[in-house]
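Asks: Just need the structure, nothing else, for what follows:
(2 chains)
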Amino acid sequence: MTAMLKLTNVCKTFNPGTINEKIALNHVDLELEENDFVTVIGGNGAGKSTMLNAVAGVWPVDEGSIFIDGIDVTGLPDFKRASLIGRVFQDPMTGTAADMQIEENLALAAKRGKSRGLGWNVKAADRQMFREKLATLGLGLEDRMQTKVGLLSGGQRQALTLLMASLQRPKILLLDEHTAALDPKTAKLVLDLTKEIVEENHLTTMMVTHNMRDAIHIGNRLIMMDEGKILLDVRGEEKKQLTVEDLMKKFEAASGEEFANDQALLSK
Amino acid sequence: MGLNFGNLIGAMPGGIAQGLIWGFMALGVYITFRLLDIADLTVDGSFTTGGAVTVMLILSGVNPVLAVLAAAVAGMIAGMVTGLLHTVFDIPAILSGILTQFALYSINLAIMGMSANKGLPVDKYHLFVSSRNIPGSILTGALLILFVIAVLYWYFGTEHGSAMRATGSNPEMSKAQGININSMKVIGLALSNAFVAMSGGLLSQYQGFADINMGRGAIVIGLAAVIIGEVLGNALIGKRMNFAVRLGFVAVGGIIYYLVIVIVLWLKLDSNYLKLLTAVVVAVFLAVPNIQTKMKTSFSRAGKRSVKTTKEAN
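Replies: Predicted coordinates for the structure are as follows:
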């Protein structure tokens, strides 16, 4: 069985040769099996988001290769990989087009990575499907399908982005701290929706989070990164037994320094 | 030297006819400025290109309607050049437009056989629009605009057109949906400049000549039309207006702009100040929404509130 996602020896250095040189990914190897739900933690600058961006194809990597479901995507820019990938960003404003209606955004997402022709964007036949899917969010958006997305709250936009990312089943779903910009109550709502959508569609998922508790309780596998490397990779029963204290200890043991990231400490 | 009201009324139909032609151009500017979020300065050059191509083709015996269509193709190429400079070489959009516009000055001269203007003997040809037949020109212009609005309404409702709107609204999201935003920008700029060049072709037929300077300030006039139309539309209908109606108001904005000019000329103000007036009008309308925001929240206001509450506390 081929891995759903396979990173081999992936390297990325930002601003090479300057005083701001930063080795963001340092020979990263990673394999995700189908239906893996991996949470990714680590301090600021550890390379979590960089790894997601490498998979998404935001910029070319310096070395190594990236395969999604057996397809070598290393040489493809983001928009050419989009058919394989669903993305939800940290900033709720990033995932949706504010000037367009809810149903127009959904229609754009329904065609993710496919060729776009001169047929109507929002087809009458799709509206019923959009309405049903929106209703599952439980936010009442199904009655506001012609509302411009810019009028929605951050939480509503993030929930909509999640729905859009899964509307056309992606090979891999990338969640980049997608609840970090939301208030705790909304963050929980979006996280619960995330679990539902991932389970229902059997999505292979990578979720970056700052919240250790979420990282432990969600998904079947946990990765800890530091200085562009994967320090820790636990799964199954071992992951279920983890505690926040364990994670802190493991981090200290592996990296040889104290886990001093205040955000990580605060979100225990 | 009194003001004759009859003269003003007499000048109105001509103003409306020219306003329709500028309104047609404003629809092109709307595509880049509002939908793609690019201020495209190519138009000052491509408007003249349209006029030059149209006049030269008609002089060489081409049908006036076909000449305007050829002008559209010329404008499309100009827009593509700007788009490629911007997307392939990462030159800022504004600068890309300025470069193309600058280059077009030479090209436009070359099209007109190295002369600064070319006249059309209006009696010799059956022109599409002409100042000799103002009612006919108004009818033709209005029908043309209605047709273009219908086409734009359809296109921007399609999958392809929606992807272009998404590109202007949120490039990050568009890429994540698999949209090639670079090709969208090039296509949008080409489409916009095709309309602008067609409008230049219509104006050259209407006035009976093409002039190397006929496009100077076209972008500002286009923006004026877009902004006047939007302000009027929002005032009359509100912000939740249908896209076709919105485009209609943009065209109306072009007419209103030109009627204001007719009034300014009627008042016997020095027409040399027209560009100053236009720039001021556009600057004011662009500034108003920002000033309104600043009225609500600004450091000086916060400072005054602080002083006031401190005094009250003492």
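Asks: Mean pLDDT per element in chain B, and the minimum belongs to which helix or strand?
Replies: Every helix and strand of chain B was ranked by mean pLDDT, DSSP states H and E. The lowest is helix B:274-296, at a mean of 81.
Asks: Enumerate the residues of the stretch 101-250 of chain B near chain A.
Replies: B:155, B:157-163, B:165-166, B:168-170, B:172-181 (C-beta under 8 Å from any C-beta of the partner chain). Heads up, the C-betas are built off the backbone N, CA and C, glycines and all.
Asks: just the strands in the chain please.
Replies: Went with chain A since none was named. A:5-14, A:22-32, A:37-42, A:63-68, A:71-72, A:85-88, A:172-176, A:205-208, A:221-226, A:229-235 (DSSP state E).
Asks: wrong chain, I was asking about chain B
Replies: Under DSSP E, chain B gives strands at B:117-119, B:209-211.
Asks: Mean pLDDT for those - can I get that in CSV?
Replies: Putting the strands of chain B into CSV (pLDDT from 0 to 100) gives the following:
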stretch, mean pLDDT
strand B:117-119, 93
strand B:209-211, 96
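Asks: Check the gap between A:L5 and A:E33 for me.
Replies: Relative to A:E33, A:L5 is positioned 9 Å away (C-beta to C-beta, to the nearest Å).
Asks: Can you give me the neighbour number for the closest residue to B:V250 other than its chain neighbours?
Replies: Nearest residue to B:V250, sequence neighbours excluded (C-beta to C-beta, 6 or more residues apart in numbering or on different chains): B:G229, at 4.1 Å. A count of neighbours around B:G229, defined by other C-beta atoms under 10 Å in any protein chain shown, yields 26.
Asks: Could you export the strands of chain B as TSV, including mean neighbour count?
Replies: Listed next are the strands of chain B as TSV, based on neighbours: other C-beta atoms under 10 Å in any protein chain shown:
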stretch	mean neighbour count
strand B:117-119	16
strand B:209-211	23
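Asks: Flag every buried residue along the least confident helix or strand of chain B.
Replies: B:274, B:278, B:281-282, B:285 (16 or more other C-beta atoms under 10 Å in any protein chain shown).
Asks: Identify the residues contacting whichever residue of the stretch 51-200 of chain B sits closest to chain A.
Replies: Going by C-beta to the nearest C-beta, chain A is nearest to B:G178 of the stretch 51-200 of chain B, at 3.2 Å. By C-beta atoms under 8 Å, 6 or more residues apart in numbering or on different chains, the residues touching B:G178 are A:79-80, A:82-83, A:111-114.
Asks: A:T2 against A:D69, yeah?
Replies: Yes: between A:T2 and A:D69 there is a contact under C-beta atoms under 8 Å: 6.9 Å.
Asks: In terms of neighbours, single out the busier of those two.
Replies: Under the criterion of other C-beta under 10 Å, the comparison of A:T2 against A:D69 puts A:D69 first, with 15 against 11.
Asks: who's in contact with that one?
Replies: A:2, A:4-5, A:84, A:171.
Asks: The residue lying closest to B:T140 once chain neighbours are set aside: how many residues sit nearby?
Replies: Once flanking residues are discounted, B:T140 sits nearest to B:V129: 5.3 Å by C-beta to C-beta, 6+ apart. Each residue near B:V129 was counted by other C-beta under 10 Å, and the total is 27.
Asks: hang on, isn't B:V129 packed against B:S137?
Replies: Yes: here B:V129 reaches B:S137: they are 4.0 Å apart, a contact under C-beta under 8 Å.
Asks: Now do the shared contacts for those two.
Replies: Counting by C-beta under 8 Å, 6+ apart, the contacts common to B:V129 and B:S137 are B:17, B:206.
Asks: And the contacts of B:G178, which is closest to A:L163?
Replies: A:R112 (12.2 Å; C-beta to C-beta).
Asks: Contacts only, for the residue nearest to the residue of the stretch 51-200 of chain B closest to chain A when sequence neighbours are not counted.
Replies: With sequence-adjacent residues excluded and distances taken as C-beta to C-beta, 6+ apart, B:G178 is closest to A:A82, at 3.2 Å. For A:A82, the contacting residues are A:112-113, B:175-179, by C-beta under 8 Å, 6+ apart.
Asks: Helices of the chain, start to end?
Replies: No chain was given, so I picked chain A. For chain A, the helices defined by DSSP state H cover A:48-56, A:78-81, A:102-110, A:124-137, A:154-167, A:184-201, A:212-217, A:236-240, A:244-255, A:262-266.
Asks: wait, I meant chain B there
Replies: Using DSSP H, helices in chain B cover B:5-30, B:43-59, B:64-87, B:93-111, B:134-155, B:159-169, B:171-176, B:181-207, B:218-236, B:243-266, B:274-296, B:299-313.
Asks: Tell me the residues of chain A that contact chain B?
Replies: Residues of chain A lying near chain B by C-beta under 8 Å from any C-beta: A:56, A:78-80, A:82-83, A:85, A:87, A:89, A:93-100, A:104, A:107-109, A:111-114, A:116-122, A:164.
Asks: pretty sure A:A187 contacts A:L193?
Replies: No: between A:A187 and A:L193 there is no contact, the gap being 10.8 Å when judged by C-beta under 8 Å.
Asks: which residues are in contact with the least confident helix or strand of chain B?
Replies: Against helix B:274-296 from outside (C-beta under 8 Å, 6+ apart): B:217, B:220-221, B:223-224, B:227-228, B:231, B:257, B:260-261, B:264.
Asks: Need those in CSV (columns: pLDDT and neighbour count).
Replies: CSV is the format used below for the contacts of helix B:274-296 (pLDDT from 0 to 100; neighbours: other C-beta atoms under 10 Å in any protein chain shown):
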residue, pLDDT, neighbour count
B:G217, 89, 17
B:V220, 92, 19
B:I221, 91, 26
B:L223, 92, 26
B:A224, 89, 26
B:I227, 89, 22
B:I228, 89, 23
B:V231, 87, 16
B:Y257, 89, 27
B:V260, 86, 18
B:I261, 84, 20
B:V264, 83, 16
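Asks: farthest pair in those?
Replies: B:G217 and B:V231 (20.2 Å).
Asks: Give me the pLDDT value at the residue in the stretch 1-150 of chain A that chain B sits nearest to.
Replies: Nearest residue of the stretch 1-150 of chain A to chain B, counting by C-beta to the nearest C-beta: A:A82, 3.2 Å away. pLDDT for A:A82: 96.
Asks: and if you look at A:L266?
Replies: 46.
Asks: ditto for A:D183
Replies: Looking at A:D183, the pLDDT reads 92.
Asks: In contact with it, which residues are there?
Replies: Per C-beta under 8 Å, 6+ apart, neighbours of A:D183: A:G155.
Asks: How about B:I255?
Replies: Per C-beta under 8 Å, 6+ apart, neighbours of B:I255: B:15-16, B:19-20, B:22-23.
Asks: Go again with 6 Å.
Replies: Counting by C-beta atoms under 6 Å, 6 or more residues apart in numbering or on different chains, B:I255 makes contact with B:16, B:19, B:23.
Asks: same thing with A:V88?
Replies: A:95, A:161-162, A:165, A:175, A:178.
Asks: again with B:P92
Replies: Counted by C-beta under 6 Å, 6+ apart, B:P92 has zero contacts.
Asks: Then B:A71?
Replies: Per C-beta under 6 Å, 6+ apart, neighbours of B:A71: B:50, B:53-54, B:197-198, B:201.
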